[in-house]
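Undergrad: Generate a structure from the sequence data that follows.
(chains A, B, C and D)
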Number of protein chains: 2
Amino acid sequence: MTNVFDDPRITAVGLLFEVHAGLSARFTAQLEEHGFSAVEFEVITRLARSPGNQLRMTDLAAQTSLSTSGVTRVVDRMERDGLLTRRACPNDRRSSYAVVTPKGMQQLDETLPGHLQMIEQWFTGQLDPQALDALLDGLRRVRDAVHPCATAGSTDVAPEQETAAGGTPRP
Amino acid sequence: MTNVFDDPRITAVGLLFEVHAGLSARFTAQLEEHGFSAVEFEVITRLARSPGNQLRMTDLAAQTSLSTSGVTRVVDRMERDGLLTRRACPNDRRSSYAVVTPKGMQQLDETLPGHLQMIEQWFTGQLDPQALDALLDGLRRVRDAVHPCATAGSTDVAPEQETAAGGTPRP
DNA sequence: CAGTTATAGTTGCTGCAGCAGTCGTTGGGC
DNA sequence: GCCCAACGACTGCTGCAGCAACTATAACTG
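TA: Numbers count the residues shown, from 1 in each chain, chains lettered A, B, ... in the order given. Modelled structure (predicted):
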């Protein structure tokens, strides 16, 4: 039987997903040595790169792969561990900010060098600069297509225009 | 403050992960229209592309992102839904095969065209052939570094050689 | 052949994330 | 000022996946 799964499209996706899984596993292992889960690291990173080391819960959810309820729980845990604090929003009493504490920043600072080294070792360092550029350029174009609002909290993006096989806006 | 997070390595990983998340979300939505969860689709795909539409539970675990216990539960569910069956292994009475049923194959056949179309629309179709090749080539090289045993059940790979920042072999 | 070790699969327990429903807050229409 | 829809965050419930413990079988050793 001629295998339908040799279709280059399937292979392409398989490749991308395997790379993601592989890198995730490596990173998770290293992050846990520093007391972070993958999600926690993503959260604290997004916060730390934002002005004032803080972000509203909703915006945090939009920037991460989490739902708002997911963000609530993660921030719960990290607040219990002293890495974050909640701060009331002065303008809007419904909103609250998640803020990185000094302890959180310190733990992040201890984690980052090793993390960067891991990236270098397993990802960027595997390719010569030219090939890496090509890879990133391709990824960027796919990202722009597939990930409409990568930077919530700052600028909003034009409403996406579906082409065919339309449907499900976004979860 | 000069932001540490503008480091190109962080950006590269962020890009890759955003692409993965974006594609995952799209695919998940489409797959669920056909009654598959993402994991179930991965499982049935791996089975369907294997000789005899079957695979031992352990090999299935190695080829997917699941642990062996995870495979047990997924196969439980899919067997309950009539998509798979367990079959005893004649040589080794410890092992059992997971086999795709006709109903499973049919449901897969109904799903695949739309799935391929999604891939085309959101991923491969976003790039001209040359750029796509460059992207896939880069991914392939990273995959080879990071994902030692992509094809379990067939050939084994040479034991990985850690360089620096050693440690945790694999989960 | 008996005894030990390794392997295949399953299951109890735990932790996590999403959904849907709830409460408090905000802003617009009248 | 009052009412109602929209919004932000939180919580009960459910389903899922991994770990560790367990059973059954296989392979190895003397």
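Undergrad: burial count for residue A:106?
TA: By other Cβ atoms under 10 Å in any protein chain shown, the residues close to residue A:106 number 12. Every residue, glycine included, has its C-beta placed from N, CA and C.
Undergrad: all helices for chain A, in order.
TA: Taking DSSP state H, the helices of chain A run over residues A:8-33, A:38-48, A:57-63, A:68-80, A:102-122, A:129-146.
Undergrad: Is there any residue in the fourth one that contacts chain B?
TA: Spelled out, it's helix A:68-80. No - Helix A:68-80 does not reach chain B (Cβ under 8 Å from any Cβ of the partner chain); its nearest approach is 13.3 Å.
Undergrad: just to revisit the earlier point, how about the helices of chain A in a markdown table, adding distance to residue B:87 and mean pLDDT?
TA: Shown next, in a markdown table, are the helices of chain A (distance: least, Cβ to Cβ, whole Å; pLDDT from 0 to 100):
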| stretch | distance to residue B:87 | mean pLDDT |
| --- | --- | --- |
| helix A:8-33 | 26 | 91 |
| helix A:38-48 | 37 | 95 |
| helix A:57-63 | 44 | 94 |
| helix A:68-80 | 39 | 97 |
| helix A:102-122 | 38 | 94 |
| helix A:129-146 | 39 | 93 |
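Undergrad: Which one of the ones you listed lies nearest to residue B:74?
TA: helix A:8-33 (16.3 Å; Cβ to Cβ).
Undergrad: Write out the residues of chain A neighbouring DNA strand C.
TA: Contacts of chain A with DNA strand C, taken as Cβ under 7 Å from any atom of the strand, map to A:37, A:39, A:65-67, A:69-70, A:73-74, A:77, A:92-94, A:171.
Undergrad: and if we set it to 10 Å?
TA: By Cβ under 10 Å from any atom of the strand, the part of chain A that sits against DNA strand C consists of A:37-40, A:42-43, A:61, A:64-74, A:76-77, A:88-95, A:171.
Undergrad: Of those, grab the buried ones for ChimeraX.
TA: Those of these that count as buried under 16 or more other Cβ atoms under 10 Å in any protein chain shown are selected in ChimeraX with:
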select /A:39,40,42,43,61,64,65,66,71,74
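Undergrad: So for residue A:154, what pLDDT did the model give?
TA: Here, the pLDDT recorded for residue A:154 equals 39.
Undergrad: could you measure residue A:50 against residue A:63, distance?
TA: Distance of residue A:50 to residue A:63, given as Cβ to Cβ, to the nearest Å: 9 Å.
Undergrad: Also residue A:11?
TA: Residue A:11 sits 31 Å away from residue A:63, going by Cβ to Cβ.
Undergrad: Residue A:7 now?
TA: 34 Å.
Undergrad: neighbour-wise, which of those two wins?
TA: Using other Cβ under 10 Å as the criterion, residue A:7 and residue A:63 rank with residue A:63 on top: 23 against 13.
Undergrad: surely that one meets residue A:55?
TA: Yes - at 7.2 Å, residue A:63 counts as touching residue A:55 under the criterion of Cβ atoms under 8 Å.
Undergrad: Neighbours of the spatially closest residue to residue A:78 that is not a sequence neighbour, how many?
TA: Distance criterion Cβ to Cβ, 6 or more residues apart in numbering or on different chains; nearest residue to residue A:78, sequence neighbours excluded, is residue A:84 at 4.4 Å. Other residues near residue A:84 number 26, with proximity taken as other Cβ under 10 Å.
Undergrad: cool, residue A:113 as well?
TA: Residue A:113: 10 neighbours (other Cβ under 10 Å).
Undergrad: and chain A, which residues reach DNA strand D?
TA: A:21, A:28-29, A:55-62, A:67-76, A:79, A:86, A:88-89, A:92-98.
Undergrad: just to revisit the earlier point, quick one: the residue nearest to residue A:78 and residue A:72 touch, right?
TA: No - using Cβ under 8 Å, residue A:84 makes no contact with residue A:72, being 12.0 Å away.
Undergrad: Who are the contact partners of residue A:134?
TA: By Cβ atoms under 8 Å, 6 or more residues apart in numbering or on different chains, the contact set of residue A:134 is B:131, B:134, B:135, B:138.
Undergrad: And it, how far from residue A:100?
TA: 35 Å.
Undergrad: Could you find the closest non-adjacent residue to the residue in chain A that DNA strand C sits nearest to?
TA: Closest to DNA strand C within chain A is residue A:70: 2.4 Å, counting by Cβ to the nearest atom of the strand. Distance criterion Cβ to Cβ, 6+ apart; nearest residue to residue A:70, sequence neighbours excluded, is residue A:61 at 7.1 Å.
Undergrad: Sounds good, over and out.
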